[in-house]
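> mind looking at a prediction? Sequence and model below.
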Amino acid sequence: MRQILTTLPEALDLLRLKLETDSKGSYHSLHKLVFQDVKSADERRLILDHIEKQGRSIVVIMKQGGRTGITLLEHRPWRKILSDIDDTLKCSGGHWPAGVDLSLPRKAVYPGVLGLYRELDLGCCAKAESWEDAAPGRAPDKHRALRRDVGNLAFLSARPHVYRDWAEKGQYSLFSKMCSDGAMHAMPSMLTGDLASGYEFVRHGNFTPLAQKKYEGFKQFAMLYPEFRFIFIGDNGQGDVRAAEMMLDMFPDPAVAGDGDGGAAARTLGHRVDAVYIHVVQKGTFGRGDPVRILAASLPAERAPARLRRSVV
């Protein structure tokens, strides 16, 4: 696998391969291939170094402008949407240990959440495309052949990975049905939790390992996509707020952290948590303090309340 990932001639070819790998509707995601299937730490480091180099080259091209850079910038928002599942995508119905929300029947998809994913992902670039979109008799433009509706949605689940796709199969069946019905705009990938963090929560009510595991999953996912920015969507029922705090600490605002001149390009390209949206399902929140204040770390104060919602409608 290292030879495949590290010998592609251009950064856009590698990006296309990454997006396709994460849109198969299978637990064999890019994350699994790199962080689970590759057993050698040295091999993994070589792969990640190459991904980082190629991803950063795309960021540099877009920052420099020119015809290619402008085409890439205009083509897609260049952000990944990472979301929790229980009490965020669908209601737990208060069924323990999935969640606490009783506002809807168990497993009911929240009204408006799928539209929220689409708008945050595609933005004004809402036209679905295929790799083969091109004039008859002409090769497709490589810069426009990076589909906007592929590989940009991922779910961070606390449910533990146990054996093969036993824990993931049901979720991917749901995603597949949503996509075939036209409700979900893109086939997502999914990063699962582990037995250790699940045991701590179920046995001792400890949210810290759940939050840490989601943060570690996010951090690894970000290493696979250095050319993208990120949005996280979760709920305040378990460990999502604490995980979001760690994500914001990992990628502070460049204008605040002193990264370059803090200009528009520095704020909009590459590793950056653009926003965190928290579905409020209970009064208490596991985190350092007031979630409105904490989760406003990368937005102006007057926009902070918009980031915690009791409904996405």
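That came in fine, so what should we check first? Numbers count the residues shown, from 1 in each chain.
> all contacts plus neighbour counts: C-alpha atoms, from now on.
Will do.
> how far away is Glu20 from Arg229?
Using C-alpha to C-alpha, to the nearest Å, Glu20 is found at 18 Å from Arg229.
> pick out whichever of these two has more residues nearby.
Arg229 (22 against 16; other C-alpha atoms under 10 Å).
> now the more buried one. Nearest residue, chain neighbours left out?
Nearest in space to Arg229, with sequence neighbours left out and distances taken as C-alpha to C-alpha, 6 or more residues apart in numbering, is Arg79 at 4.4 Å.
> tell me the phi and psi of the one you found?
phi -140, psi 150 (degrees, to the nearest 10).
> which pLDDT does the model give it?
Note on Arg79: pLDDT of 87.
> what distance do you get for it to Leu122?
9 Å.
> who's more crowded, the two?
A direct count of neighbours by other C-alpha under 10 Å for Arg79 and Leu122 places Arg79 higher, at 24 against 21.
> tell me the contacts of that one?
Counting by C-alpha atoms under 8 Å, 6 or more residues apart in numbering, Arg79 makes contact with 121, 152, 228-231.
> cool, Ser103 as well?
Contacts of Ser103 by C-alpha under 8 Å, 6+ apart are 91, 93.
> surely Ala98 and Ile85 touch.
No - between Ala98 and Ile85 there is no contact under C-alpha atoms under 8 Å: 9.2 Å.
> the two: which is more packed in?
Neighbour count, other C-alpha under 10 Å: between Ala98 and Ile85, Ile85 has more, with 23 against 18.
> which one is the more buried one nearest to, not counting chain neighbours?
Per C-alpha to C-alpha, 6+ apart, closest to Ile85 is Ser157, 6.2 Å.
> where does that neighbour fall, helix, sheet strand or coil?
Secondary structure state of Ser157, per DSSP: H, G, I helix; E, B strand; the rest coil, is strand.
> quick one, what contacts it?
Taking C-alpha under 8 Å, 6+ apart, we find Ser157 in contact with 84-85, 190-193, 214.
> C-terminal to the helix or strand where Tyr215 lies, what's the next element?
Here Tyr215 sits within helix 208-224, counting by DSSP states H and E. For helix 208-224, the succeeding helix or strand toward the C-terminus, using DSSP H and E, is strand 229-235.
> okay, the helix or strand that comes right after that following strand in PDB with CA atoms only?
Note on strand 229-235: by DSSP H and E, the next helix or strand toward the C-terminus is helix 240-250. Taking C-alpha atoms only, helix 240-250 is exported to PDB below (Å, rounded to 0.1, in the frame of the first residue of the first chain):
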ATOM      1  CA  ASP A 240     -18.400  15.700  22.400                       C
ATOM      2  CA  VAL A 241     -17.900  19.200  24.100                       C
ATOM      3  CA  ARG A 242     -14.700  18.100  25.700                       C
ATOM      4  CA  ALA A 243     -13.500  16.500  22.400                       C
ATOM      5  CA  ALA A 244     -14.300  19.800  20.700                       C
ATOM      6  CA  GLU A 245     -12.300  21.800  23.200                       C
ATOM      7  CA  MET A 246      -9.200  19.600  22.400                       C
ATOM      8  CA  MET A 247      -9.800  20.100  18.700                       C
ATOM      9  CA  LEU A 248      -9.900  23.800  19.100                       C
ATOM     10  CA  ASP A 249      -6.700  23.700  21.200                       C
ATOM     11  CA  MET A 250      -5.000  21.600  18.500                       C
END
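> buried stuff in helix 240-250?
Neighbour counts over helix 240-250 (16 or more other C-alpha atoms under 10 Å) mark 240-248 as buried.
> switch the residues you listed over to JSON lines; also include pLDDT.
Listed next are the buried residues of helix 240-250 as JSON lines, based on pLDDT from 0 to 100:
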{"residue": "Asp240", "pLDDT": "88"}
{"residue": "Val241", "pLDDT": "87"}
{"residue": "Arg242", "pLDDT": "87"}
{"residue": "Ala243", "pLDDT": "89"}
{"residue": "Ala244", "pLDDT": "89"}
{"residue": "Glu245", "pLDDT": "86"}
{"residue": "Met246", "pLDDT": "88"}
{"residue": "Met247", "pLDDT": "88"}
{"residue": "Leu248", "pLDDT": "84"}
